[in-house]
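Student: Structure, please.
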Amino acid sequence: MTTTSSPEEPIQALQAASELLRALASPVRLGIVSELSGGSKHVHELVTALGVSQPLVSQHLRVLRSSRIVAARRHAREIEYSLSDNHVAHIVLDAIRHAQE
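Tutor: Alright, predicted model coming up:
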């Protein structure tokens, strides 16, 4: 059984995919998603893993949070970041593997 869809639905899906890819279009953001694919992390852990400054990591986390790729949970004075959806990790990890071929 096939369903019919309006012409707007595929365009909306393409627009949403484009926005997702735009939010990921940074080596630091790809690195953050790659690191979070192994589980939740605090900012200082991401800074150490990526070898970039804390302000830079925080700036990129804001982009990922506003795109709903990353979620944040406060624990006392620290914020723990995790992926909102593991599908994004597959996209990023596949892209990294493809680039290494």
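Student: use CA for all of it now, contacts and neighbours both
Tutor: Fine.
Student: buried ones in the helix or strand encompassing residue 46?
Tutor: In this structure, residue 46 sits in helix 43-50 according to DSSP states H and E. For helix 43-50, the neighbour count (16 or more other C-alpha atoms under 10 Å) marks 43-44, 46-47 as buried.
Student: The helix or strand residue 34 falls within relative to helix 43-50, how many degrees between them?
Tutor: In this structure, residue 34 sits in helix 27-36 according to DSSP H and E. Calculated by axes from the mean of the first three to the mean of the last three C-alpha atoms, to 10 degrees, helix 27-36 forms an angle of 110 degrees with helix 43-50.
Student: so what does helix 27-36 touch, helix or strand wise?
Tutor: For helix 27-36, the packing partners by 3 or more C-alpha pairs under 8 Å, 6 or more residues apart in numbering; DSSP states H and E come out as helix 43-50, helix 54-66, strand 78-83, helix 86-100.
Student: cutoff 6 Å now
Tutor: Of the remaining helices and strands, none touches helix 27-36 by 3 or more C-alpha pairs under 6 Å, 6 or more residues apart in numbering; DSSP states H and E.
Student: ok, residues contacting it?
Tutor: By C-alpha atoms under 6 Å, 6 or more residues apart in numbering, the list of residues contacting helix 27-36 from outside reads 24, 60, 82.
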